[in-house]
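Peer 1: Build the 3D model from these lines:
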Amino acid sequence: RNDWTSLLSKENRSYFYPSTDLSFIPTDAISSLKNQYIVDFWKIRAAVSKTGNVNIDPYSLLATYNSITGYSNGTYFRQSSSLVSKDLKPEITKGWEIGTEFKLLKQLIDASFNYYYTSTTGQAISASIAPSSGYTGYLLNTGEVTNKGIETSLRVTPVQTKDWEVSIGANYTHNKNFLKSLHPDTKRIGVNGSSVIYAEEGYAVNQIIVADYARDDQGRVIVDKNTGYPSLATETARLGNTSPKHRLGLDLRVKWKDFTISSLFEYRGGYYVASIAQGGEVDFSGSSARSAYYNRERFVYPNSSYWDEASQQYVANNNITISDGGAGFWSMGINRDAYSNYVYSGDYWKWRELAISYDIPKTVINKIKGVQAATISLQGRNLFLWTPKSNEYTDPDYSANGDNNAIGVSNLSQTPPTRYIGGTVSLTF
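Peer 2: Presented below is the predicted three-dimensional model:
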């Protein structure tokens with residue numbers, strides 16, 4: 001395949017990306033595997049691919065001006081603060097995968113397994129430059145991101161008769177991404193301009209890097225020996241990745257004559273999310289669960305230590321309490337500016353869907369002219385959510401940054417997650 005795009009300069013508008021795949025079916029090619037009871041079908045496959053992508057806006061290569069309307073200055077135009085490389089090229093992703101799929105015991109078991117690896121180079125990112133140049137960013141091709149993982153599925157149909165059918169399915173994916181390189185002069189950038197989610201060379205993409213408390217070599221929070229208040233560390237802390245490493249789906253389908261019931265559960269795990277603006281606001285107002293942990297009384301900060309002059313080391317804090325366990329602590333900066341307080345596990349189980357349907361019998365449908373089939377169904381979606389105790393805020397699926405790459409951040413401006421219950425009538429003419 002070859003694409004041409006007017007978003008780039010004439011020299012770079014054309015980009016070619018081929019792909020090829022190969023498959024082998026032993027149950028067709030090997031006579032001893034034909035017409036036997038255990039293996040109904042078996043396929044082995046492999047593929048190599050190269051794809052191209054251009055993710056810049058129209059006229060991005062040109063110096064543009066933005067219209068600005070101010071209360072006292074009227075409307076005026078301001079030059080863009082970003083420069084763009086004239087030699088910008090498409091980003092290229094190269095990858096390969098191998099896999100297999102099979103059916104066993106007269107369609108009783110249906111399964112597949114796939115392993116993949118991709119490498120994306122030449123991504124269009126904005127590198128910071130000296131403001132003395134008149135600009136703050138320079139858009140150029142740089143960096144390499146790799147992804148590797150597995151995709152598996154399994155379906156078992158233990159019951160399949162004239163009136164009954166029971167089918168149980170599961171699928172699992174595991175993905176590991178890694179930023180191999182970024183730019184000689186830039187080792188860390190905010191993802192889509194985020195001040196919470198970063199891409200840093202040598203780590204997985206979408207790292208939460210925020211302010212944390214000062215800690216001793218055992219990881220305990222260091223508090224003031226007189227006030228009991230913790231203090232902020234001079235360096236930010238890397239607290240986790242916002243991309244789920246594990247995704248597991250479970251589904252069940254039971255059919256009896258014209259009735260069908262189906263259900264879907266999902267698990268996501270191995271990642272973290274941040275509710276910094278949301279957590280800070282509810283702490284400030286005193287409406288958070290955290291602010292009521294100690295009945296708004298003085299308390300010993302959990303897992304803390306203080307410097308002991310006599311022994312010249314940090315010792316466990318068992319009796320030095322926070323001076324004010326009410327508004328004096330929860331609403332003040334020493335609590336709310338430690339963004340690590342609002343970073344928690346994003347793991348969850350969710351009951352995504354339950355549906356019950358009834359296919360109206362043909363003896364009834366035949367009496368309605370022009371209608372070939374009709375189904376009445378009831379559905380419920382986003383029914384229940386199970387999360388760790390550390391998640392006191394919201395559904396981890398909801399991101400304040402919308403669909404961009406800086407996932408894993410929520411705030412008070414989001415529409416709360418909703419549960420949907422409804423019904424449908426489907427007619428086939």
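Peer 1: Could you use CA atoms for every contact and neighbour count after this?
Peer 2: Will do.
Peer 1: Go through stretch 343-362 and flag the buried ones.
Peer 2: For stretch 343-362, burial by neighbour count (16 or more other C-alpha atoms under 10 Å) applies to 343-359.
Peer 1: How many residues are close by the nearest residue to A374 once chain neighbours are set aside?
Peer 2: The shortest distance from A374 to any non-neighbouring residue, by C-alpha to C-alpha, 6 or more residues apart in numbering, is to L427 (4.5 Å). Around L427 sit 12 other residues, with neighbours defined as other C-alpha atoms under 10 Å.
Peer 1: Who are the contact partners of L427?
Peer 2: V371, Q372, A373, A374, T375 (C-alpha atoms under 8 Å, 6 or more residues apart in numbering).
Peer 1: same deal with W96?
Peer 2: By C-alpha under 8 Å, 6+ apart, the contact list for W96 reads A46, A47, V48, S49, Y116, Y117, T118.
Peer 1: ok, back up a step: Throw the contacts of L427 into a markdown table and include neighbour count, secondary structure and distance to V156, thanks.
Peer 2: Listed next are these as a markdown table, based on neighbours: other C-alpha atoms under 10 Å; DSSP: H, G, I helix; E, B strand; the rest coil; distance: C-alpha to C-alpha, whole Å:
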| residue | neighbour count | secondary structure | distance to V156 |
| --- | --- | --- | --- |
| V371 | 13 | coil | 34 |
| Q372 | 13 | coil | 31 |
| A373 | 17 | strand | 28 |
| A374 | 17 | strand | 28 |
| T375 | 16 | strand | 26 |
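Peer 1: Distance of the most far-flung residue of the chain relative to its centre relative to T375?
Peer 2: Farthest-out residue of the chain from its mean C-alpha position, per C-alpha atoms, centre = their mean: K367, at 50.4 Å. Computed as C-alpha to C-alpha, to the nearest Å, the K367 to T375 distance reads 15 Å.
Peer 1: Check the contacts of W96 for burial and list the buried ones.
Peer 2: Neighbour-count burial (16+ other C-alpha under 10 Å) applied to the contacts of W96 gives A46, V48, Y116, Y117, T118.
Peer 1: Format the residues you listed as a markdown table; extra columns: pLDDT and distance to P18.
Peer 2: What follows is the buried ones among the contacts of W96, written out as a markdown table (pLDDT from 0 to 100; distance: C-alpha to C-alpha, whole Å):
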| residue | pLDDT | distance to P18 |
| --- | --- | --- |
| A46 | 98 | 15 |
| V48 | 97 | 9 |
| Y116 | 98 | 17 |
| Y117 | 98 | 17 |
| T118 | 97 | 15 |
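Peer 1: Filter those residues down to the ones in strands?
Peer 2: A46, V48, Y116, Y117, T118 (DSSP state E).
Peer 1: which one of those residues is nearest E235?
Peer 2: Nearest to E235 among those is T118, at 33.4 Å by C-alpha to C-alpha.
Peer 1: can you pull up the bridge partners for the closest one?
Peer 2: Beta-bridge partners recorded for T118 (DSSP bridges): G95, N147.
Peer 1: wait, it sits on E144?
Peer 2: No: here T118 does not reach E144: they are 10.2 Å apart, not a contact under C-alpha atoms under 8 Å.
Peer 1: now the residue nearest the centre of the chain, what's its secondary structure?
Peer 2: In the chain, the centroid-proximal residue (C-alpha atoms, centre = their mean) is S243; its distance is 4.1 Å. The three-state assignment at S243 reads coil, by DSSP: H, G, I helix; E, B strand; the rest coil.
Peer 1: could you measure it against G270, distance?
Peer 2: Separation of S243 from G270 (C-alpha to C-alpha) stands at 8 Å.
Peer 1: what do you get for L140?
Peer 2: As judged by C-alpha to C-alpha, L140 and G270 stand 32 Å apart.
Peer 1: again, but for D57
Peer 2: D57 is 34 Å from G270, by C-alpha to C-alpha.
Peer 1: list the contacts for D3?
Peer 2: With contact taken as C-alpha under 8 Å, 6+ apart, D3 is in contact with R13, S14, Y15, F16.
Peer 1: Okay, and it sits in which element?
Peer 2: Taking DSSP states H and E as the criterion, D3 maps to strand 2-4.
Peer 1: neighbouring strands for that strand, and are they parallel or not?
Peer 2: With DSSP bridges as the test, strand 2-4 pairs up with strand 14-16 (antiparallel).
Peer 1: check contacts around L179.
Peer 2: Applying C-alpha under 8 Å, 6+ apart to L179 gives the contacts G143, E144, V145, T146, A199, E200, E201, G202, Y203, A204, V205.
Peer 1: and the residues you listed, which of them are in strands?
Peer 2: With strands taken from DSSP E, the overlap with the contacts of L179 comprises G143, E144, V145, T146, A199, E200.
Peer 1: who wins for neighbours among those?
Peer 2: A199 leads the ones in strands among the contacts of L179 on contacts (other C-alpha under 10 Å) with 24 neighbours.
Peer 1: And it, how far from E144?
Peer 2: Computed as C-alpha to C-alpha, the A199 to E144 distance reads 11 Å.
Peer 1: Over to A233?
Peer 2: The spacing between A233 and E144, counted by C-alpha to C-alpha, is 31 Å.
Peer 1: again, but for K389
Peer 2: K389 sits 37 Å away from E144, going by C-alpha to C-alpha.
Peer 1: what about the closest residue to D395 other than its chain neighbours, which SS state?
Peer 2: Spatial nearest neighbour of D395, chain neighbours left out: P417 (6.7 Å); criterion: C-alpha to C-alpha, 6+ apart. Three-state assignment for P417 (three-state DSSP): coil.
Peer 1: List the buried residues in whichever helix in the chain runs longest.
Peer 2: Counting by DSSP state H, the longest helix found in the chain is helix 276-285. Residues of helix 276-285 classed as buried: I276, A277, Q278, G279, G280, E281, V282, D283, F284 (neighbour count, 16+ other C-alpha under 10 Å).
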